[in-house]
Structures are given as structure tokens and as C-alpha cells.
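Q: how would this look folded up:
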Amino acid sequence: MASTNKIAASPQMAAPPVAAAKCPFNYSIVDVALRVLLFATTLSSVVVMVSSKQTELVPVPGLPTVLVPVPAKFNHSPAFIYFITALSVTGLYSIIPTLATVSVVLKPTYSKGFLLVFALLDVLFVGIVASATGAAGGFAYIGLKGNSHVGWNKICGVYDKFCRYIGCSIALSSIAAILLVLLSMMSAFTLYKNIRD
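A: Model prediction:
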């Protein structure tokens, strides 16, 4: 015979409701670190691009024995000037959200408003840095490979130091663009988490 003795569940034995676990990860520290790294990469890229100067003796067309000094500078190209301008503005922009993030950590009342504004601005600056990097990279590629269809000769065989500086600057700018993509994704995710809570 089966026992009919059943233990009644007492209110004391009921398990407490499980609360949703909060993520202990602090996004503000990562945000500040990425923005400081963004400032460092944009500043380095601008400094390397501005210091890219080289003067070489080049033969005059038609007179191969006559050599004249011809400089190569970043300000000879509108693409490089746009590059410098875009990365300078981005570097200055990276300081503002860094200070705002620190202030939000100290006084979190305005956090959702700041997150929304910075998420939008981060996306805007991704576009600006990506377009500047693409413009400078396209111009640098022509300098490296030339274009035989329109008769543009490659210049990196003559201006090797200039081309190395340009390449390093574009590589740093690509890192800055990746950092901005990470920042915009993180801002959107943090905003999403704050809205859900």
C-alpha cells in the first residue's frame, strides 16, 4: 500500500524568487580607456602625417642630366588635408566624451541622455574617419602603384620615407576607425541595457 502521508510545503521551505543577475562589468572604465586610446591614435596619426616631408633631386623631363629638388609634403594633396582635419576634429571630440563619462560615473543622473548623444556622435565620427582614411588611402595607393591608364607615375620609389610616413598614418587612422566602431557598439549596448532596466 502506498503511503498517503504527504509533506505539505511550508512557506518557510519555498525557494526565494531568483532575481535577475546584474552584470558586474563596468562599461564606463572600458569606455574611458577606449576613448583615451582613440585620442592617442588620432593624435599619433596626425603627427606622423604632418611630419611626412621629403625632398629629392628629380631629373627634369627632356633634360635627364639636370636635377632639381622637388619636395613632397602632405599639404600638396587635398585628400591629406581632409585627412588631417578629420582626424584632428575626431581627436578633440574624443576628449569631450571621456570627460563626460567620468562625470557620469560620479553623478549618474544624466547617463541616458549622454549615452544617446554619444552613441549618435560616435556613429557620425566613424563615417568621418572612414571617409578620410579612404580618401587618403586612395591617394597613397596611386603614389605607391601609379596609374598607367592616365600616365601617373608611382612616386614611392623616389620618396620612400614620405610614403612610409603616409602608410603609418593611414594604419593608425584605421585603428582609430575600429576603436570608434567598438565605442559606438558599446554605447548602443549600454544604452539598450539602461533602457531595459
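
Q: only C-alpha atoms from now on, for both contacts and neighbour counts.
A: Noted.

Q: chain center to the longest helix seen in the chain, what's the gap?
A: In the chain, taking DSSP state H as the definition, the longest helix is helix 160-196. Put simply, helix 160-196 sits 2 Å off its chain's centre (CA atoms, centre = their mean, to the nearest Å).

Q: so which elements touch it?
A: Applying 3 or more CA pairs under 8 Å, 6 or more residues apart in numbering; DSSP states H and E, one finds that helix 160-196 contacts helix 27-50, strand 53-60, helix 111-145.

Q: pull out the buried positions in it.
A: Of all the residues in helix 160-196, those buried under the rule 16 or more other CA atoms under 10 Å are 162-163, 165-167, 169-184, 186-188, 190-191.

Q: same question, stretch 116-123
A: Buried, per 16+ other CA under 10 Å, within stretch 116-123: 116, 118, 119, 121, 122, 123.

Q: so the third one makes contact with residue 187?
A: Yes: taking CA atoms under 8 Å as the contact criterion, residue 119 and residue 187 are neighbours in contact, 5.2 Å apart.

Q: what's the least confident stretch among the helices and strands packed on helix 160-196?
A: Mean pLDDT is lowest for strand 53-60 among the helices and strands packed on helix 160-196, at a mean of 86.

Q: next SSE after it?
A: Next along the chain after strand 53-60, taking DSSP states H and E as the criterion, comes strand 63-73.

Q: angle of that next one against strand 53-60?
A: 160 degrees (axes from the mean of the first three to the mean of the last three CA atoms, to 10 degrees).
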